[in-house]
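**Q** let me see the structure of the following:
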Amino acid sequence: MPRCLQLLTTGSAQKTERIIPAKAGDLMTTLSFSPTWIGMAAALLTTAAFAPQAIQAWRSRSTKDVSLAMFAMMVTGITLWLIYGILINDIPLILANAVTLVLAGAILVAKIRFR
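**A** I've put the predicted structure just below:
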């Protein structure tokens, strides 16, 4: 991290961190961020990554290059992540894994159905 930045952590219930310049006039003025936003961005990207494959599989009715074992393990893992999210009541984890389960599940169903 550049010397001009200091990392401060507030003591609020929702842990929030702010990066501020060490002295006035530095490049950054103030940037607030929450770890939840990083989780939401990660969830959005990893969930959306399954959409093109799911659409392609259903449109082409072909899954010859899709690994059945990989998607069976992936769907099992996503299901476990969803259960974990429900147990700890983590909304971003629940939403991301519910949508990802639908998309990855569609690919798995297509792989089994279009063999």
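**Q** checking the residue nearest the centre of the chain next. Helix, strand or coil?
**A** Geometric centre of the chain, nearest residue: residue 43, 1.8 Å, by Cα atoms, centre = their mean. Under DSSP: H, G, I helix; E, B strand; the rest coil, residue 43 falls in the helix class.
**Q** leaving out sequence neighbours, find the closest residue to it.
**A** For residue 43, ignoring the flanking residues on the chain, the nearest one in space by Cβ to Cβ, 6 or more residues apart in numbering is residue 96 at 3.2 Å. (Each C-beta comes from the backbone N, C-alpha and C, glycine too.)
**Q** so that neighbour touches residue 48, yeah?
**A** No - using Cβ atoms under 8 Å, residue 96 makes no contact with residue 48, being 10.0 Å away.
**Q** please say which of the two ends up with more neighbours.
**A** Taking neighbours as other Cβ atoms under 10 Å, residue 96 and residue 48 compare with residue 96 leading, 24 against 13.
**Q** elements contacting the helix or strand that residue 71 is a member of?
**A** Element membership for residue 71, per DSSP states H and E: helix 68-88. On a contact count with 3 or more Cβ pairs under 8 Å, 6 or more residues apart in numbering; DSSP states H and E, helix 68-88 meets helix 91-113.
**Q** cool, thanks, signing off.
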